[in-house]
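K.L.:
here are the coordinates; sequence isn't available:
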């Protein structure tokens, strides 16, 4: 007699079917349509559509700016998470709640605020632009706004892990002769690495898909500050639907590949977990 | 290395964790700090390790004042209750950590780690991660890690507290054995009096930030200095009575207590351990209490009998040796007589429990 397995969710068949149905409707069908529309161009036209100098510049900018923003957020997010977990200060809970603001704020609002602040006549721009820092209508502006959008991911990924680290691990390292830097680099950082990679991947993915804020701050100059999603919208406005989907497909494949690499790294860094 | 703690005080806000504590641990001793939670034992251990700084007082190791020396320069091995292993490192790298920090040549590290793996009987597990080990194995890794750098002192904070009874028993004996081989001055904290008595050369009982009693396990157990120690070191039966002219009066019975010769009568409390009460079918002259048997539990090395002395309304615990039990064959409901064979008396004016 085979022992009957008990599951928490009733009906394996039912819950699996629901999951599959949801994935099918929400993810798979749109993807198939995307691929279908893009490939309806035929190989030659497809290549022509996706490999123009303008498109290549847009890919480069999208990935470059997202990577830069993710890198900056990883550093800033670690710092913020550290301060929120390790220190007590007045209004800590308010600051903690503020971290989530980029999640809730319509990104277009963020874009408008940033561009208003950093243009030559803006509150910050009037001091920064003469110093050579162009925080609006520039590539810097895109990185800046993507950094804002992605900030909560790293903080929220690192915070719980940092909270779960017991002080006695650091004390053990200290009593074994490690100085502060060695405690940080040999004990704390490796323990945080998987969470940092998760945060990095999420921020990066978020940056790739961001449209609403960038469109307001970047100025959308082809070859210079035009990101791929903006290019897609431009194609749509020109009624070049197939070309737009083709570019979207390239963006999708590249994103998928890069996320796969990051996830592999993350899994490797988690190999010590049972 | 000897440890000398002189007038150490430590406060956490309004709470005084250590109150003017002085203690000397001779080189090579295995000392247990025993006490209930909040007695200050862990704080004292952490002060010796440098993980905590005293508000007043000084710590000397081998006649050197280390009060303001950072933990990493103290050369102590510290073992934590919850192991505190580096979870991203293998067993090998955990043990090697202290040597890697000291930039020990890797051939030497390899040799020393092998040695320690043998010592803690974890050979073959060096490539595992802590999450793949049992609690007992993890604590042995933590011990090996602490010993790897040849510490001057070994400090253990409730090292076996998180382990199950059988593993705890094994590791206790193993720690004793290890200490006999290495002779490194060792202080360990425990709230388990059995553990302290079984492992340590010297037991220090703490209470409310102070040392209540200090001595060999035998001495502390046989001659508890205070009712608190008496009560903390195992089950006791408590009698309230009066002390007068060399006799302790407990209700209808009178026991000799020659230490008190005054004729003035004083309130006193008598403590009798369960194995120091005898159960008999016939009353002894003037020294036995009539009791009724409530419950008998013959499972274990001794038979635990619970009786009630109806005139006083007090319940007593009696431990019978197997021989006595097989002779007496007590049954619940039986009327018997309980005779204290040994009594410790504390005058109530002196001590408050």
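P.N.:
That came through, no problem. Just so we're clear, the structure is a prediction, and the values are computed from it rather than from any experiment.
K.L.:
and the gap between residue B:216 and residue B:156?
P.N.:
According to C-beta to C-beta, to the nearest Å, residue B:216 and residue B:156 sit 20 Å apart. The C-beta positions use only the backbone N, C-alpha and C, and glycine is treated the same way.
K.L.:
the two: which is more packed in?
P.N.:
residue B:156 (25 against 13; other C-beta atoms under 10 Å in any protein chain shown).
K.L.:
now the more buried one. Nearest residue, chain neighbours left out?
P.N.:
Distances taken as C-beta to C-beta, 6 or more residues apart in numbering or on different chains place residue B:188 nearest to residue B:156, at 3.9 Å, with adjacent residues excluded.
K.L.:
part of a helix, is the one you found?
P.N.:
No: going by DSSP: H, G, I helix; E, B strand; the rest coil, the assignment for residue B:188 is strand, not a helix.
K.L.:
that one reaches residue B:25, doesn't it?
P.N.:
No: between residue B:188 and residue B:25 there is no contact, the gap being 11.4 Å when judged by C-beta atoms under 8 Å.
K.L.:
overlap in contacts of these two?
P.N.:
Shared contacts of residue B:188 and residue B:25, defined by C-beta atoms under 8 Å, 6 or more residues apart in numbering or on different chains, comprise residue B:31.
K.L.:
more neighbours: those two, which one.
P.N.:
Set residue B:188 next to residue B:25 and count neighbours by other C-beta under 10 Å: residue B:188 wins out with 26 against 22.
K.L.:
show me what the strand or helix carrying residue B:11 is packed up against.
P.N.:
Element membership of residue B:11 [criterion: DSSP states H and E] is strand B:3-12. Counting contacts by 3 or more C-beta pairs under 8 Å, 6 or more residues apart in numbering or on different chains; DSSP states H and E, strand B:3-12 packs against strand B:15-25, helix B:41-49, strand B:56-61.
K.L.:
summarise which helices and strands the shortest one is packed against.
P.N.:
To tie it back to what came earlier, the one meant is strand B:56-61. Applying 3+ C-beta pairs under 8 Å, 6+ apart, one finds that strand B:56-61 contacts strand B:3-12, strand B:15-25.
K.L.:
so after that strand, what's the next helix or strand?
P.N.:
strand B:64-65.
K.L.:
got the contact list for that next one?
P.N.:
With contact meaning C-beta under 8 Å, 6+ apart, strand B:64-65 is reached by B:58, B:59.
K.L.:
partners of that strand in the sheet?
P.N.:
strand B:56-61 (antiparallel) (DSSP bridges).
K.L.:
near chain B, which residues of chain A?
P.N.:
Residues of chain A lying near chain B by C-beta under 8 Å from any C-beta of the partner chain: A:166, A:168-169, A:171-179, A:182, A:186-187, A:190-191, A:193, A:269, A:271-274.
K.L.:
hmm, try it at 6 Å
P.N.:
A:168-169, A:171-172, A:174-178, A:182, A:187, A:190-191, A:272-274 (C-beta under 6 Å from any C-beta of the partner chain).
K.L.:
what's the neighbour count on residue A:28?
P.N.:
When neighbours are counted by other C-beta under 10 Å, residue A:28 registers 12.
K.L.:
which SS class is it?
P.N.:
Here residue A:28 is recorded as helix under three-state DSSP.
K.L.:
and it, what's its pLDDT?
P.N.:
pLDDT, residue A:28: 91.
K.L.:
repeat for the one 10 residues further on
P.N.:
We note a pLDDT of 85 for residue A:38 in this prediction.
K.L.:
could you verify that it is part of a strand?
P.N.:
No: with three-state DSSP as the criterion, residue A:38 is helix rather than part of a strand.
K.L.:
A helix includes residue A:59, no?
P.N.:
Yes: Residue A:59: assigned to a helix according to three-state DSSP.
K.L.:
that one and residue A:50, how far apart?
P.N.:
Residue A:59 is 9 Å from residue A:50, where distance means C-beta to C-beta.
K.L.:
again with residue B:208
P.N.:
Per C-beta to C-beta, residue B:208 is found 77 Å from residue A:50.
K.L.:
can you list the helices and strands packed on strand B:56-61 in CSV and add mean pLDDT?
P.N.:
Below are these laid out as CSV (pLDDT from 0 to 100):
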stretch, mean pLDDT
strand B:3-12, 91
strand B:15-25, 90
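K.L.:
need these in CSV (columns: distance to residue B:237).
P.N.:
Shown next, in CSV, are the helices and strands packed on strand B:56-61 (distance: least, C-beta to C-beta, whole Å):
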stretch, distance to residue B:237
strand B:3-12, 36
strand B:15-25, 31
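K.L.:
where does the prediction get shaky in the chain?
P.N.:
Let's take chain A. Confidence mapping of chain A against pLDDT under 70 gives the ranges A:1-7, A:9-10, A:274.
K.L.:
my bad, the chain I had in mind was chain B
P.N.:
Residue ranges of chain B with pLDDT under 70: B:348-353.
K.L.:
near chain A, which residues of it? Just list them.
P.N.:
Contact residues (C-beta under 6 Å from any C-beta) of chain B with chain A: B:49, B:51, B:71-72, B:76, B:78, B:80, B:84, B:86-88, B:97-98, B:101, B:129, B:131-132.
K.L.:
next, count neighbours for residue A:17.
P.N.:
By other C-beta under 10 Å, 11 other residues sit near residue A:17.
K.L.:
I meant residue B:165, not that one.
P.N.:
Residue neighbour count, defined by other C-beta under 10 Å, stands at 8 for residue B:165.
K.L.:
and it, what does it touch?
P.N.:
Contacts for residue B:165 (C-beta atoms under 6 Å, 6 or more residues apart in numbering or on different chains) come out as none.
K.L.:
ok, which of the helices and strands packed on strand B:56-61 comes nearest residue A:216?
P.N.:
strand B:3-12 (52.9 Å; C-beta to C-beta).
K.L.:
thinking again about what came up before, list just the nearest of the residues of chain A next to chain B to residue B:278.
P.N.:
Nearest to residue B:278 among these, with distances taken as C-beta to C-beta, is residue A:168, at 48.3 Å.
K.L.:
ok, that closest one touching residue B:79?
P.N.:
No: Residue A:168 is beyond contact range of residue B:79, at 10.2 Å (criterion: C-beta atoms under 6 Å).
K.L.:
more crowded one of those two?
P.N.:
Applying other C-beta under 10 Å to residue A:168 and residue B:79 shows that residue B:79 carries more neighbours, namely 26 against 18.
K.L.:
tell me the SS of the residue nearest to the more buried one when sequence neighbours are not counted?
P.N.:
Excluding its sequence neighbours, the residue lying closest to residue B:79 (C-beta to C-beta, 6+ apart) is residue B:156, at 4.3 Å. Applying three-state DSSP to residue B:156 yields a three-state assignment of strand.
K.L.:
gap between residue B:156 and chain A?
P.N.:
Per C-beta to the nearest C-beta, to the nearest Å, residue B:156 is found 12 Å from chain A.
K.L.:
distance of the closest residue to residue B:263 other than its chain neighbours from chain A?
P.N.:
Nearest residue to residue B:263, sequence neighbours excluded (C-beta to C-beta, 6+ apart): residue B:245, at 5.0 Å. Plainly put, residue B:245 is 57 Å away from chain A if you go by C-beta to the nearest C-beta.
K.L.:
so residue B:245 sits against residue B:264, correct?
P.N.:
No: assessed by C-beta under 6 Å, residue B:245 is found out of contact with residue B:264, at 8.8 Å.
K.L.:
so for the two, which residue has more residues nearby?
P.N.:
Under the criterion of other C-beta under 10 Å, the comparison of residue B:245 against residue B:264 puts residue B:245 first, with 11 against 8.
K.L.:
distance to residue A:206 added to the helices and strands packed on strand B:3-12, as TSV?
P.N.:
Putting the helices and strands packed on strand B:3-12 into TSV (distance: least, C-beta to C-beta, whole Å) gives the following:
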stretch	distance to residue A:206
strand B:15-25	47
helix B:41-49	44
strand B:56-61	53
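K.L.:
all set now, cheers.
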